[in-house]
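# give me a 3D structure for the following:
(one chain, ligands or ions: 1)
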Amino acid sequence: MTSSPYAWIEQSLETIHRAGWYRQTRAISGRPGATIECDGRRYLNFASNDYLGLAGDDRLIQAAIAALQTYGTGSTGSRLLTGHRTLHRELEIAIASLKHTEDAIVFSSGYLANLGAIATLVGKRDLVLSDQYNHSSLRNGAIVSGASVLEYDHCNVQDLKIKLSQQRTHFQHCLILTDSIFSMDGDLCPLPEILELAAQFECMVLVDEAHATGVIGATGAGCVEHFGGRSALDTSRSSAPVQMGTLSKAIGSLGGYVAGSATVIDFLRNRAPSWIYTTALSPADTAAALEAIRIVQQEPQRRQQLWDAVTRLKTSLHHHAHLTVLPSQSPILCVQFPEVKSALAASQALQDQGIFAPAIRPPTVPTSRIRLTVMATHSAQQIDRLATAFGLL
Ligand code: PMP
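Next up is the predicted model:
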């Protein structure tokens, strides 16, 4: 045997290249915002998850600097050992207040929050029902849990009901997983109908509010608030869903959380491996997130600016009859292309005009598209420039 045990990797990489699926990083310089600098050129930025434009906000930066000076850089250990600071608890209380839940727990990322929460809520004798377009962290959380996993058709409550009717009685516990705003399409899950089925079939529900937190709902609490008002968040209701989210999108920092009843959160603190066995979120990230939540609660006008910008872009894109714009109820607007090549060419054409809007392709999504994300800090002029550029494609 002379060949390297790693030789197959080179062949796999070649296959990825041939399919046009090869991915590369691009370094962004300077503070993030409605425009960004990349490879020495300034672009209009329609690719960021920083929906409220807080990641470059002076107040978050000052809060992070103050925390660095007080607490140093690293948190030095897990939360149950030397990693816990009063700041972490303050952030958890702030998240619970934003989400109108009894309690919350902060993880070091949203991905880890999903892995930890799902693997704690279900195990080998249980069933997970997961929307086919759910984020990778939900799907991998389900796999890590060891539960039996069934995917239901995207946002299709009828299919969910059929699968529950056929399978529910064979398992001890059942957990339904859904994104609230789907990250690669921008549509909203049918949460009221999912909660109804969950009550009927005695299932837990975990809603991923990563793209909804700070963005949607009367007070920016997310999709659960959007659908049900505060009453839907009454944690004493047996059907109240467990909510997770990230601090890295509208909140402009880093980290993830799970919010829900005091009992669920207490259980996660005692059982979730990706919380217990990882280093606590850094003090600077924690302080920045805390400041962002204060801003989300005290400056609802930022959310209004975001939705005004979304409406403006949506209206303009719909004027271009040659474009296929996917249905969306969020700041994520996708323009679909028939193949990888045409999506890549469109992205390049936009880039040539100084607009940063990357193509998202299989295997990340089933069909190639340009995924646009709108920010509260996009001016009307910037939105119009993008719409004009699409008109020229
Ligand atoms: N859920 C969804 C729907 C997401 O889009 C993401 C991030 N892309 C995550 C979870 C993971 O969050 P984080 O980036 O904080 O790990």
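# any stretches of the stretch 151-300 of the chain with poor pLDDT?
229-239 (pLDDT under 70).
# give me the residue from the stretch 101-250 of the chain nearest the ligand.
residue 110 (2.4 Å; C-beta to the nearest ligand atom). To be clear about C-beta, it is placed using only N, CA and C from the backbone, and glycine gets the same treatment.
# ok, that residue to residue 116 distance?
Residue 110 is 11 Å from residue 116, where distance means C-beta to C-beta, to the nearest Å.
# tally up the residues packed near the closest residue in space to residue 283 that isn't next to it in sequence, please.
In this structure, residue 283 finds its nearest non-sequential neighbour in residue 71, 3.7 Å apart by C-beta to C-beta, 6 or more residues apart in numbering. Here the number of neighbours of residue 71 (other C-beta atoms under 10 Å) works out to 18.
# so what does residue 71 look like in phi/psi?
phi -110, psi -10 (degrees, to the nearest 10).
# if I look at it, what pLDDT would I see?
We have a pLDDT of 97 for residue 71.
# could you do residue 363 as well?
Residue 363 is assigned 82 on the pLDDT scale.
# what's the neighbour count on the residue nearest to it when sequence neighbours are not counted?
Closest residue to residue 363 apart from its sequence neighbours, by C-beta to C-beta, 6+ apart: residue 21 at 6.7 Å. Residue 21 is flanked by 13 other residues according to other C-beta under 10 Å.
# same question for residue 115.
25.
# same thing with residue 363?
Neighbour number of residue 363 under other C-beta under 10 Å is 8.
# ok, it to the ligand distance?
16 Å (C-beta to the nearest ligand atom, to the nearest Å).
# measure that residue to residue 181 for me?
Counting by C-beta to C-beta, the gap from residue 363 to residue 181 is 21 Å.
# am I right that residue 214 sits in a strand?
No - counting by DSSP: H, G, I helix; E, B strand; the rest coil, residue 214 is not part of a strand but coil.
# who touches it in this structure?
For residue 214, the contacting residues are 51-52, 220, 222, 249-251, 292, 296, 303, by C-beta atoms under 8 Å, 6 or more residues apart in numbering.
# in the stretch 151-300 of the chain, which spans are strands?
For the stretch 151-300 of the chain, the strands defined by DSSP state E, counting those that start in this stretch cover 174-179, 204-208, 242-246, 256-260.
# in its sheet, what does the third one sit against?
Next to strand 242-246 in the sheet, as set by DSSP bridges, lie strand 204-208 (parallel), strand 256-260 (antiparallel).
# reformat those as TSV; add mean neighbour count and distance to residue 185.
As requested, these are arranged in TSV below (neighbours: other C-beta atoms under 10 Å; distance: least, C-beta to C-beta, whole Å):
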stretch	mean neighbour count	distance to residue 185
strand 204-208	25	14
strand 256-260	29	21
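# any idea how far residue 42 lies from the ligand?
Relative to the ligand, and taking C-beta to the nearest ligand atom, residue 42 is found at 25 Å.
# correct me if wrong: that residue contacts residue 35.
Yes - counting by C-beta atoms under 8 Å, residue 42 does reach residue 35; the two are 5.5 Å apart.
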